[in-house]
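Q: this is the structure alone, sequence omitted:
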């Protein structure tokens with residue numbers, strides 16, 4: 001490879017982490033987003049994934065040998081998401097095809113591959129945990145499957161290698177991100193501290209008591225780079241988590257301690273963040289004014305609906321990483337330390353008080 005990369009979705013948690021890692025490793029990096037994004041060592045490319053002409057114009061003259069697909073578009077129904085997200089992958093790779101430069105494409109999806117789409121999340125007959133990459137697809141429409149199929153079609157046509165990466169609830173920084181548990185919990189904890197409200201676990205007893213795992217964005221970025229540069233990893237799908245497991249009954253106390261809070265006792269009642277934070281937008285705006293924060297719009301920082309989906313699941317979720325471990329991928333991150341690093345970064349960037 002000539003060490004040239006295109007990151008699609010560079011403004012998101014995964015895209016920004018992948019771009020930062022590749023740039024630090026000496027890659028020439030271009031980052032595509034709907035709106036231009038300033039990031040050190042990354043050339044901004046502005047394009048609309050739903051507009052093929054926009055893609056053709058934006059990508060003319062680019063010749064990346066690594067493409068990282070780390071974005072998706074939300075729609076009201078899964079059928080619409082299948083169409084829109086499958087077409088986006090198909091059109092982007094078709095727009096890059098004339099250059100003939102692409103050697104590897106990494107697609108980032110997630111555990112909805114095993115747990116089902118938003119419309120049927122965590123319900124029905126699910127594969128046993130820990131989830132393994134060779135488990136069959138669910139018999140449900142799923143935009144992750146549509147993205148994979150578009151990737152496989154293009155790889156067969158254009159002759160590049162591919163990898164699929166399936167993280168579990170990513171920890172990382174991205175303002176305006178639709179799925180952002182780490183920042184959501186940081187904002188919620190900050191609101192509890194500022195208002196004196198109890199720091200109440202919002203999820204289910206299964207999540208409180210059961211084992212789970214998560215994925216730091218830096219670990220995912222390292223797996224993407226490893227897969228793109230390791231011949232044995234070509235044309236494979238990989239789960240990716242930090243490498244530890246924990247129970248939320250322990251992690252909730254760790255997060256509370258970082259913010260100087262005492263966690264409220266958990267009585268088994270689900271108290272979703274969408275309800276707890278429903279009236280918090282003006283309160284956050286006042287907190288932001290008082291502390292001189294960089295973002296006063298609560299909706300740009302917190303995604304309670306997504307955090308509720310993860311913490312309210314009625315099933316235990318643990319992810320097997322044996323496949324990539326056997327092939328030599330060894331990155332590890334303690335999940336509490338990943339949370340703490342994110343919280344410190346949010347505070348340094350004046351996103352939380």
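A: Good, I have the coordinates. This is a predicted model, so every value here is computed, not measured. Numbering: from 1, shown residues only.
Q: rest of the way, CA atoms for contacts and neighbours
A: OK.
Q: from residue 28, how far out is the closest residue to residue 232 other than its chain neighbours?
A: Nearest residue to residue 232 in three dimensions, chain neighbours excluded: residue 327, at 7.0 Å (CA to CA, 6 or more residues apart in numbering). Remark: distance between residue 327 and residue 28 (CA to CA, to the nearest Å) = 27 Å.
Q: which one's more surrounded, the two?
A: Set residue 327 next to residue 28 and count neighbours by other CA atoms under 10 Å: residue 28 wins out with 18 against 13.
Q: what sits opposite that one in the beta ladder?
A: residue 4 (DSSP bridges).
Q: how about the contacts made by it?
A: Residue 28 makes contact with 3, 4, 5, 22, 41, 42, according to CA atoms under 8 Å, 6 or more residues apart in numbering.
Q: equivalent analysis for residue 142, please.
A: Counting by CA under 8 Å, 6+ apart, the residues that residue 142 touches are 78, 79, 82, 113, 116, 117.
Q: just checking, the third one touches residue 146?
A: Yes: with contacts counted by CA atoms under 8 Å, residue 82 reaches residue 146, the gap being 5.7 Å.
Q: can you give me the buried ones in the top helix by length along the chain?
A: Looking across the chain with DSSP state H, the single longest helix is helix 78-96. For helix 78-96, burial by neighbour count (16 or more other CA atoms under 10 Å) applies to 78, 81-82, 84-96.
Q: distance between that helix and the chain's centre?
A: Relative to the centre of its chain, helix 78-96 is centred 18 Å away, using CA atoms, centre = their mean, to the nearest Å.
Q: one more: stretch 191-205?
A: On CA atoms, centre = their mean, the centre of stretch 191-205 falls 24 Å from the chain's centre.
Q: what's the most distant pair in the contacts of residue 142?
A: Farthest pair in the contacts of residue 142 (CA to CA) is 79 and 113. Separation: 15.4 Å.
Q: would you map the helices across the stretch 51-200 of the chain?
A: Here the stretch 51-200 of the chain has its helices, by DSSP state H, counting those that start in this stretch, at 52-59, 78-96, 112-115, 143-158, 181-195.
Q: dump these to a markdown table, plus distance to residue 170 and mean pLDDT.
A: Output for these, formatted as a markdown table (distance: least, CA to CA, whole Å; pLDDT from 0 to 100):
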| stretch | distance to residue 170 | mean pLDDT |
| --- | --- | --- |
| helix 52-59 | 28 | 93 |
| helix 78-96 | 20 | 97 |
| helix 112-115 | 13 | 94 |
| helix 143-158 | 16 | 98 |
| helix 181-195 | 7 | 98 |
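Q: can you pull the contacts of the residue nearest the centre of the chain?
A: For the chain, the residue nearest the mean C-alpha position is residue 170 (4.5 Å; CA atoms, centre = their mean). Residue 170 sits next to 13, 14, 180, 181, 182, 214, 215, 216, 217 when contact means CA under 8 Å, 6+ apart.
Q: how close does the closest residue to it other than its chain neighbours sit to residue 263?
A: Distance criterion CA to CA, 6+ apart; nearest residue to residue 170, sequence neighbours excluded, is residue 215 at 4.8 Å. As for residue 215, its distance to residue 263 is 24 Å (criterion: CA to CA).
Q: which one of these two is surrounded by more residues?
A: Remark: of residue 215 and residue 263, residue 215 carries more neighbours, 25 against 18, as counted by other CA under 10 Å.
Q: and that one, how far from residue 78?
A: 25 Å.
Q: could you do residue 344 as well?
A: With CA to CA as the criterion, residue 344 and residue 78 are 36 Å apart.
Q: quick one on the thing from earlier: could you dump the contacts of residue 142 to TSV with distance to residue 56?
A: Formatted as TSV, the contacts of residue 142 follow (distance: CA to CA, whole Å):
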residue	distance to residue 56
78	27
79	26
82	22
113	30
116	33
117	30
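Q: for these, which one is nearest residue 316?
A: So of the contacts of residue 142, ranked by how close each gets to residue 316 (CA to CA), first place is residue 116, at 14.3 Å.
Q: quick check: nearest residue in space to that closest one, chain neighbours excluded?
A: Nearest to residue 116 is residue 122, by CA to CA, 6+ apart, at 6.3 Å.
Q: still on that earlier bit, let me have the contacts of residue 170 in CSV, extended by distance to residue 317.
A: Below are the contacts of residue 170 laid out as CSV (distance: CA to CA, whole Å):
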residue, distance to residue 317
13, 22
14, 21
180, 18
181, 16
182, 18
214, 10
215, 13
216, 16
217, 19
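Q: flag the least confident of the residues you listed.
A: Of all the contacts of residue 170, residue 180 has the smallest pLDDT value, namely 92.
Q: okay, now the unreliable bits of the protein?
A: Along the chain, no part satisfies pLDDT under 70.
Q: rerun that using 90 as the cut-off
A: Scanning the chain for pLDDT under 90 picks out 1-2, 34-40, 116-128, 174-179, 314-315.
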